[in-house]
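J.: below is the sequence, then the predicted model.
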There are 2 protein chains.
Amino acid sequence: MAERNLTLLTDFYELTMMQGYFKNKTNETVVFDAFYRTNPSGSGYAICCGLEQVIDYIKNLKFEQDDIDYFRSLSIFDEDFLEYLKNFKFSGDIYSVPEGSVVFPMEPLVKVIAPIMEAQLVETAILNIINHQSLIATKASRVCYAACGEGVMEFGLRRAQGPDAGTLGARAAVIGGCIGTSNVQSAKMFGMPVLGTHAHSWIMSFEDELTAFRKYAELYPNSVTLLVDTYDTLRSGVPNAIRVFKEMKEAGTLTSRYGIRLDSGDLSYLSKRARKMLNEAGLNDAFISASSDLDEYLIDSLKTQGAQINSWGVGTNLITSKDCPAFGGVYKLAAIKQDDIFIPKIKLSENQWKITNPGNKTIYRIYDKESGKIKADLIALVGEKYSEDNPLLLFDPMATWKKTYLKPGTYKMRELLVPIFLNGECVYGSPAVMDIRTYCQDELNTLWDETRRLVNPQDVYVDLSNELYHMKHQLLDSYNSSVRE
Amino acid sequence: MAERNLTLLTDFYELTMMQGYFKNKTNETVVFDAFYRTNPSGSGYAICCGLEQVIDYIKNLKFEQDDIDYFRSLSIFDEDFLEYLKNFKFSGDIYSVPEGSVVFPMEPLVKVIAPIMEAQLVETAILNIINHQSLIATKASRVCYAACGEGVMEFGLRRAQGPDAGTLGARAAVIGGCIGTSNVQSAKMFGMPVLGTHAHSWIMSFEDELTAFRKYAELYPNSVTLLVDTYDTLRSGVPNAIRVFKEMKEAGTLTSRYGIRLDSGDLSYLSKRARKMLNEAGLNDAFISASSDLDEYLIDSLKTQGAQINSWGVGTNLITSKDCPAFGGVYKLAAIKQDDIFIPKIKLSENQWKITNPGNKTIYRIYDKESGKIKADLIALVGEKYSEDNPLLLFDPMATWKKTYLKPGTYKMRELLVPIFLNGECVYGSPAVMDIRTYCQDELNTLWDETRRLVNPQDVYVDLSNELYHMKHQLLDSYNSSVRE
């Protein structure tokens, strides 16, 4: 991705609007927020992910000559505008929540402050990248939560929605908690553990299953996982695997990393039966891994049933976030700078929750000092002053009578948005993926269990500052009266 | 995609198995089939799509030096194998159903006949590409079916699962029936119509909606679509749009392509009210386009309600195939060549429909001669001889007593698989995307309405030839007795 020029990864209307701004000489600096309205998969939170690819995208922004030629062929753009595009580069500021952060609805995850022509162009790609990776990282965190600390491997490349969905999806899955991926390209590109054993075709290519198992064990004695369901799991696969493990034990080649993989059938029943057979053969330390259309709910159910599985391979349902395959991030104009002042802008809607938050904003996260858990997030205007030494009054922006009063010394505050680009220059170095993964684990630990649970989680409060709340309501009132006139 | 090297877009186990085949000097020629078991989204058929990208992938297969270095760093591969990888190229045959073809479960969509090390490596990428694009093309064909011939525009880039999902997804959506896409990169790359107007931010960046509309109309008078829901659709957006259209009419700048876009609210109600307001203003030829979380079911319902919408923008639900975001294509070993004979191979399962079809196979499509509609598909072994001059007996492979007898002269036959690579050389030229789209429309016309309908469609029969059926059951019997021994 680092070298890919994705400048044309944009909706056509960004370009027609850009020409409109160009012709009307309205290239004021504006503020756009990328945010989302609902957590995916019924989750109580989301994991923000994809920033590194957004940075690469912005750095590589450049219209090539054949892009310009293509635009000319459409007979809708004028030469002066095409000339402008030739020298286009991003000159603005971008602030973002770091990758792997726990985030909540309505918070600006990425904030772009730039001349409107630039800020408009980058809308589509920023949303595409952040929506995709945040979706998969969130899903992975749920699957890993269900697995209760046992390793979850990302195995979905063949069912991913194209090459990037596989490769960037594996990146997001590892950030969200997976221990590694089967995707070689992604593992190499992002320095992540690469995992995998063999397929049914390995077994079928030998005269019989036992020979195939023996050959595999001979080749990879340090990590031997035998796939036992090609012909008959309990009558053929497990007995043959046991025979090979015993032979290895006798030959002294068996290490501590060996076991079987179940890939079809009733995983609960088969794993219990297989466990019993392995234990009776004195192979108590053999692991049992499973893979077969798993997701967080199935893993949770298998745990409840007492399935004897220690290791999980999750494919389709994770890499596509099957129950919720889109993260509904949007990108909305929040302010226009005039004479060095940000004039707030608002988009109305008949749905109250679709009304945007105006102004140049930031996010403060408020932690309970004792437990370190999140108490609430506060969306405030840039420039508002807060101090942990003062009391803090929070109120729900929909039900304003719901108030929480925090005494000084009982809470801690942290600003979530950090500068990524300033005046077009990148000022942020993306951490390595495995470090982002560690950060994400720490972030998840700041959530109460009530918010992490898979079904009906407790929402985290995202409040507006007093100043922002009143500005928003003033704008709403003034639009209402202007429409009535 | 044409220049991208996706050689590492593979599951790690393909490489560990390859080394296994290498070490065991078992590089026999094998047959692998890529097929799927269930139509997505409850459809009665699927559209096969993605072949052009498979061809690019195969052509660009090459392990670079830093790939080899990466493998070496994993301490699992031996030098002789790494040396082999350095000179790796695909030397086999690939047969495929042409893109845009209507296909059904269990049919080999792509068939690879190659030395097992090569055939194994390409599994993951072939599945990734075919699964993704077939999914989106199928979904698009359903959405377009619901729109009853009215134009459907692909608008989903921002919600797609990464850049490729947007760009290759738009390609598949157009093949499946969309008239164009908002995705500039995809439109340029594949020569497809690019579409789009303006966003809410355009409106919000001007002092008021009327000014924003006027400026837009001034700039793009030949195709003026005004987005009317930024503040209030019926009290502000539609009246302002009407005012601008009337001004254009008076000035003589109004062409035949003008109208409004609804992007939120109750599309049925708003479109009827807007239609009435437009007609009362003498703007009967203004179109009304709609976009807001649409899919085939919502469009169908809007049609039933008499919504006054002529043009459809479909985003999230199409580009992710939201109700079914994965196409379950698999890739299974079907035969191993020994002494110039293909020895059939079978994978068993406790689920009857998961048992594979063995042998080196092809597909014949059988049409009703009079109507040109599909009667059935026949999976047969390569080498079986058929002639339209002979009677043809078809039978259901699960319920063998269900027999159909076709008299000569009443049916036509066509072989679906065509050669793509022979001895590693590409022998197939991919048609232009808009030509594949036309072919796909013709293909869809060979389906009976009963199979095209959105809910509970009639399945098309996919039968096995007598020879294949008996070979399969012989193999099943012999495995059963070997397990019993």
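T.: Sure, I can see it.
J.: hey, where'd the helices end up in the stretch 1-150 of chain A?
T.: Counting by DSSP state H, counting those that start in this stretch, residue ranges of the helices within the stretch 1-150 of chain A are A:12-23, A:51-59, A:65-73, A:79-86, A:116-121, A:123-146.
J.: is the second one anywhere near chain B?
T.: No. Under the criterion of C-beta under 8 Å from any C-beta of the partner chain, chain B is not reached by helix A:51-59; the shortest gap measures 8.5 Å. For glycine as for every other residue, the C-beta is placed from the backbone atoms N, C-alpha and C.
J.: quick one, which of the helices of the stretch 1-150 of chain A gets closest to B:S91.
T.: Proximity to B:S91 (C-beta to C-beta) singles out helix A:65-73 among the helices of the stretch 1-150 of chain A, at 34.2 Å.
J.: point out the other helices and strands that the closest one packs with.
T.: Secondary-structure packing of helix A:65-73 (3 or more C-beta pairs under 8 Å, 6 or more residues apart in numbering or on different chains; DSSP states H and E): helix A:79-86.
J.: can you mark which positions in the helix it packs on are buried?
T.: Within helix A:79-86, the residues scored as buried using 16 or more other C-beta atoms under 10 Å in any protein chain shown are A:F81, A:L82, A:Y84, A:L85.
J.: and what of stretch A:441-460?
T.: By 16+ other C-beta under 10 Å, the buried positions in stretch A:441-460 come out as A:E443, A:L444, A:T446, A:L447, A:W448, A:T451, A:R452, A:R453, A:L454, A:P457, A:V460.
J.: list phi and psi for the closest residue to the last one other than its chain neighbours.
T.: Using C-beta to C-beta, 6 or more residues apart in numbering or on different chains and skipping residues adjacent in sequence, the residue nearest A:V460 is A:F104, 5.2 Å away. Phi and psi for A:F104, reported as degrees, to the nearest 10, are phi -130, psi 160.
J.: which ones are touching A:F104?
T.: When contacts are counted by C-beta atoms under 8 Å, 6 or more residues apart in numbering or on different chains, A:F104 touches A:N39, A:Y45, A:A46, A:D377, A:D459, A:V460, A:V462.
J.: please apply the same query to A:A172.
T.: By C-beta under 8 Å, 6+ apart, the residues touching A:A172 are A:C49, A:G50, A:H132, A:Q133, A:S134, A:L135, A:I136, A:A137, A:A140.
J.: can you pull the pLDDT of the residue nearest to A:V460?
T.: With respect to pLDDT, A:F104 has a value of 98.
J.: same thing with the one 3 residues further on?
T.: Here, the pLDDT recorded for A:E107 equals 97.
J.: okay, now the unreliable bits of the stretch 201-350 of chain A?
T.: Across the stretch 201-350 of chain A, the ranges flagged by pLDDT under 70 are A:350.
J.: give me the residue at the spatial middle of chain A.
T.: Chain A has A:S134 as the residue nearest its centroid, 2.1 Å off, counting by C-alpha atoms, centre = their mean.
J.: if I look at that residue, how far off is chain B?
T.: Applying C-beta to the nearest C-beta, to the nearest Å, the value for A:S134 to chain B is 11 Å.
J.: my read: that residue touches A:C48, true?
T.: Yes. With contacts counted by C-beta atoms under 8 Å, A:S134 reaches A:C48, the gap being 5.5 Å.
J.: shared neighbours of these two, anything?
T.: Residues touching both A:S134 and A:C48 (C-beta under 8 Å, 6+ apart): A:V103, A:L109.
J.: returning to what we had before: quick check: which of the helices of the stretch 1-150 of chain A is buried the most?
T.: Stretch with highest mean neighbour count among those: helix A:123-146 (a mean of 28; mean count of other C-beta atoms under 10 Å in any protein chain shown).
J.: pLDDT weak spots in the stretch 51-200 of chain A?
T.: Within the stretch 51-200 of chain A, no stretch has pLDDT under 70.
J.: and if we set it to 90?
T.: A:196-198 (pLDDT under 90).
J.: quick one: the strands in the stretch 151-300 of chain A?
T.: For the stretch 151-300 of chain A, strands defined by DSSP state E, counting those that start in this stretch occupy the ranges A:152-154, A:180-181, A:224-227, A:258-262, A:287-290.
J.: among those strands, which is the most enclosed?
T.: Ranked by mean neighbours (mean count of other C-beta under 10 Å), the strands of the stretch 151-300 of chain A are led by strand A:152-154, with a mean of 28.
J.: that one vs chain B: in contact?
T.: No. Figure legend: strand A:152-154 not in contact with chain B (C-beta under 8 Å from any C-beta); closest approach 10.1 Å.
J.: strand partners of that strand, parallel vs antiparallel please.
T.: Using DSSP bridges, strand A:152-154 pairs in its sheet with strand A:180-181 (parallel), strand A:311-314 (parallel).
J.: spit out the contact partners of A:K375.
T.: Neighbour list for A:K375: A:I366, A:Y367, A:D368, A:T404, A:L406, A:Y411, A:Y461 [criterion: C-beta under 8 Å, 6+ apart].
J.: and for A:K347?
T.: Applying C-beta under 8 Å, 6+ apart to A:K347 gives the contacts A:K332, A:L333, A:K354, A:I355, A:T356, B:H200, B:M204, B:T230.
J.: try A:S223
T.: Taking C-beta under 8 Å, 6+ apart, we find A:S223 in contact with A:T255, A:R257, A:Y258.
J.: please apply the same query to A:H470.
T.: Residues in contact with A:H470 (C-beta under 8 Å, 6+ apart): none are found.
J.: go with 10 Å
T.: Residues near A:H470 by C-beta atoms under 10 Å, 6 or more residues apart in numbering or on different chains: A:L464.
J.: mind checking the SS state of it?
T.: Secondary structure assignment for A:H470 (DSSP: H, G, I helix; E, B strand; the rest coil): helix.
J.: gap between it and A:T362?
T.: According to C-beta to C-beta, to the nearest Å, A:H470 stands 17 Å off from A:T362.
J.: would you list the phi and psi of A:T255?
T.: Per-residue torsions, A:T255: phi -100, psi -170 (degrees, to the nearest 10).
J.: from what I can see it touches A:M248, true?
T.: Yes. A:T255 is within contact range of A:M248, at 8.8 Å (criterion: C-beta atoms under 10 Å).
J.: tell me the residues on the stretch 301-450 of chain A that lie near chain B, please.
T.: Counting by C-beta under 10 Å from any C-beta of the partner chain, the residues of the stretch 301-450 of chain A lying close to chain B are A:315-317, A:319-334, A:336, A:345-351, A:354, A:356, A:358.
J.: now with 6 Å?
T.: Within the stretch 301-450 of chain A, the residues that sit near chain B (C-beta under 6 Å from any C-beta of the partner chain) are A:T316, A:T320, A:K322, A:P325, A:A326, A:L333, A:K345, A:K347, A:L348, A:E350.
J.: run a quick neighbour tally on the first one.
T.: In this case it means A:T316. If you count neighbours by other C-beta atoms under 10 Å in any protein chain shown, A:T316 ends up with 21.
J.: show me the contacts for it.
T.: A:T316 sits next to A:G156, A:R159, B:A326 when contact means C-beta atoms under 6 Å, 6 or more residues apart in numbering or on different chains.
J.: any idea how many residues pack against the nearest residue to A:G424 once chain neighbours are set aside?
T.: Nearest non-adjacent residue to A:G424, counting by C-beta to C-beta, 6+ apart: A:S91, 4.0 Å away. A:S91 has 13 neighbouring residues, counting by other C-beta under 10 Å.
J.: shouldn't A:S91 be in contact with A:E425?
T.: No. A:S91 is beyond contact range of A:E425, at 9.2 Å (criterion: C-beta atoms under 6 Å).
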